[in-house]
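A.B. asks: sequence isn't available, so here's the structure alone:
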C-alpha cells in the first residue's frame, strides 16, 4: 500500500497517486508516437524526412518521460526532468514554427500547431509533468 | 466496418470511463464489477480484431492495412494494461488510470472506423 497523501515531504514517488494516471497518459503517447513514427519512417521516410525524424524524437522523449515517471532505471527522476523539459521546449518550438510557417513540415507531427491534432494534450502534458515533478520533490 | 459492434464499443468505452469516474469520485478501488466490465469490453475488442483482420485478408478496401491492423491490435492491449496498472496501487490516481484506458480505446475505435471509411 502506498502513501495516499503525496503532499507529505517523504512521499516523493512520481508513480504513486495521481502520478499513476499521468504515467498512463504518457504511456499512451509513447506507444502511439512510436508506432506512428516507426510506420512513417519504415514506409515513406523520403516524403518528409524532417517531420518523420521529429516524430521519432518525440516518441523517444515520451518513452523516456514514461519510464522516468514510472521510476524505471537507475536515475528516473533526472530522466523524467530531462524528458519533460525537452518535451516542453519541443512542443513550444515546433508549435511556434508550424504556426508561423505551415509549409515547414509537409506532414504533421505530434507537436505541430502545439499538438492541435491531439486536442492540445501535447501542450498541456509537459506542464502537468513539470508540476508533478515539483510537487513530489523532496 | 463492423456495425453495430463498433458503435457499441465506443459507447461502452465511454460508459466504462464514466463508471471508473464514479469509482474515483467515491474513492473506491476497482472491484470485480469494474474489472468485469472492462473484461466484457475486452471481449468486444477481440471480436473487432478478429473480424477486422479477416476483412483485411479478404479483399476489403482499407486505406492503410498495416496501420489498420496496428490499431486493432493496440486496442486489445490498452484495457488489460490499464487494469493491471490501476490495480497495482490503492489510490484515486490508480483508479483513474482506467478512465485514461477507456477513453483511449474509444479513440482507437474512432480511428479504426476512419481508416476503413
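C.D. replies: Perfect, I can see it now. What you are looking at is a predicted structure, and each value in this text was computed from that prediction instead of being measured.

A.B. asks: who in chain A is up against chain B?
C.D. replies: Proximity of chain A to chain B is confined to A:1-2, A:4, A:16-25, A:27-28, A:31-32, A:35, A:39, A:43 under the rule Cβ under 8 Å from any Cβ of the partner chain. Where you see a C-beta, it was placed from the backbone N, CA and C, and this is true even at glycine.

A.B. asks: which stretches of chain B have low pLDDT?
C.D. replies: B:1, B:60, B:117 (pLDDT under 70).

A.B. asks: picking that back up, can you turn the buried part of the residues of chain A next to chain B into a ChimeraX selection?
C.D. replies: Selecting the buried subset of the residues of chain A next to chain B in ChimeraX, with 16 or more other Cβ atoms under 10 Å in any protein chain shown as the burial test, is done by:
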select /A:2,16,17,18,19,20,21,22,23,24,25,27,28,31,32,35,39
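
A.B. asks: spatially central residue for chain B, please.
C.D. replies: Nearest to the geometric centre of chain B sits residue B:105, at 3.3 Å (Cα atoms, centre = their mean).

A.B. asks: and it, what does it touch?
C.D. replies: Each residue near residue B:105 by Cβ atoms under 8 Å, 6 or more residues apart in numbering or on different chains is listed here: B:9, B:13, B:41, B:45, B:75, B:78-79.

A.B. asks: quick one: name the residues of chain B near chain A.
C.D. replies: B:66-67, B:70, B:74, B:78, B:81-82, B:85-86, B:88-94, B:96-97, B:99-101, B:104.
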